[in-house]
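S.K.: compute the structure for the input listed below.
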Amino acid sequence: MQSPVLVRPLWPTFLWSAKSEDAAFASRLSSKALEINREMMNEEPKTFFDRHKENIFSKYAKDDDVRRVGRMFVRAARNYVQTCYGDDRSFRVDIVGWVSVQEDGDATPWHSHLGTAHLSAIYYTDVAEGGDLLLEDPRPISRDWDLHGNKLQERHYAHVRPEPGLLIIFPGFVRHATTRFLGHRRVCWVADMTINYDGIEERPVSESVL
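M.R.: So this is what the prediction gives:
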């Protein structure tokens, strides 16, 4: 699989999408994600929680497809940083990943990954209806203001419709949510990544092991 191609900004801040046409790869990842999810669902609640937070890129380090999706995330992060910031210094991408399986009627509330990731990424492998990703534009100028400077509550956001092979990457501080999903299931792989220059502590999995 070739490195994801930077194709378009979602708005004039640094939020980007890329598309892979490798349908067989996406299908294998869907099956693998369902296996991981079933394995977690068979555990006791506390064990399930602990396992859900476990980094799949370390737990399944010997699985070629898992390593491949990890490398895809890292390439996208490198593309993002070098394109958006033009910084020539060398850096390391450290990655934590998990799978998300949504069933009919599921939705994800507004949240961000502030404090846990410089960049977050989602790779969709199986979709149906709904489950759209909403990304809030963080710029104050994106909101409506009255003449006295009081912020009104209208929210401006990008609306992304999932499709198999679609990768979305955005800053970890950006608030995001999903609309209610309708269908048999929606499957995606998710990664939090930190961009580390010399002297910064290494996260659980470095790109060097992918």
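S.K.: so where's this structure uncertain?
M.R.: In the predicted model, the chain carries pLDDT under 70 at residues 1-16, 41-54, 86-87, 139-155, 198-204, 206-210.
S.K.: what ranges does it have for its helices?
M.R.: In the chain, the helices defined using DSSP state H lie at 23-41, 45-52, 56-59, 64-85.
S.K.: I'd like to know which of these is closest to residue 118.
M.R.: Proximity to residue 118 (C-beta to C-beta) singles out helix 64-85 among these, at 8.4 Å. Using the backbone N, CA and C atoms, a C-beta is placed for each residue, glycine as well.
S.K.: that older thread, mind putting the helices of the chain into a markdown table with distance to residue 163?
M.R.: As requested, these are exported to a markdown table (distance: least, C-beta to C-beta, whole Å):
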| stretch | distance to residue 163 |
| --- | --- |
| helix 23-41 | 10 |
| helix 45-52 | 25 |
| helix 56-59 | 22 |
| helix 64-85 | 16 |
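S.K.: and among these, the most buried is which?
M.R.: Comparing the helices of the chain by mean neighbour count (mean count of other C-beta atoms under 10 Å), helix 56-59 comes out on top with a mean of 20.
S.K.: hang on, the earlier thing: residue 136: which of the helices of the chain is closest?
M.R.: Using C-beta to C-beta, the helices of the chain put helix 64-85 closest to residue 136, at 18.5 Å.
S.K.: okay, angle between the closest one and helix 23-41 too, please.
M.R.: 110 degrees (axes from the mean of the first three to the mean of the last three C-alpha atoms, to 10 degrees).
S.K.: return helix 64-85 as CSV; C-alpha atoms alone will do.
M.R.: Presented in CSV, the C-alpha positions along helix 64-85 are these (Å, rounded to 0.1, in the frame of the first residue of the first chain):
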residue,chain,number,x,y,z
ASP,A,64,1.3,-7.9,9.5
ASP,A,65,-2.0,-6.0,8.8
VAL,A,66,-2.0,-4.3,12.2
ARG,A,67,1.6,-3.2,11.6
ARG,A,68,0.7,-2.0,8.2
VAL,A,69,-2.1,0.2,9.4
GLY,A,70,0.2,1.5,12.1
ARG,A,71,2.8,2.4,9.4
MET,A,72,0.0,4.1,7.4
PHE,A,73,-1.0,6.3,10.4
VAL,A,74,2.7,7.2,11.0
ARG,A,75,3.2,8.1,7.3
ALA,A,76,0.1,10.3,7.4
ALA,A,77,1.3,12.0,10.5
ARG,A,78,4.7,12.7,9.0
ASN,A,79,3.0,14.0,5.8
TYR,A,80,0.8,16.2,8.0
VAL,A,81,3.6,17.7,10.0
GLN,A,82,6.0,18.3,7.2
THR,A,83,3.3,19.8,4.9
CYS,A,84,1.6,22.0,7.5
TYR,A,85,4.6,23.2,9.5
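S.K.: distance between it and the chain's centre?
M.R.: 11 Å (C-alpha atoms, centre = their mean, to the nearest Å).
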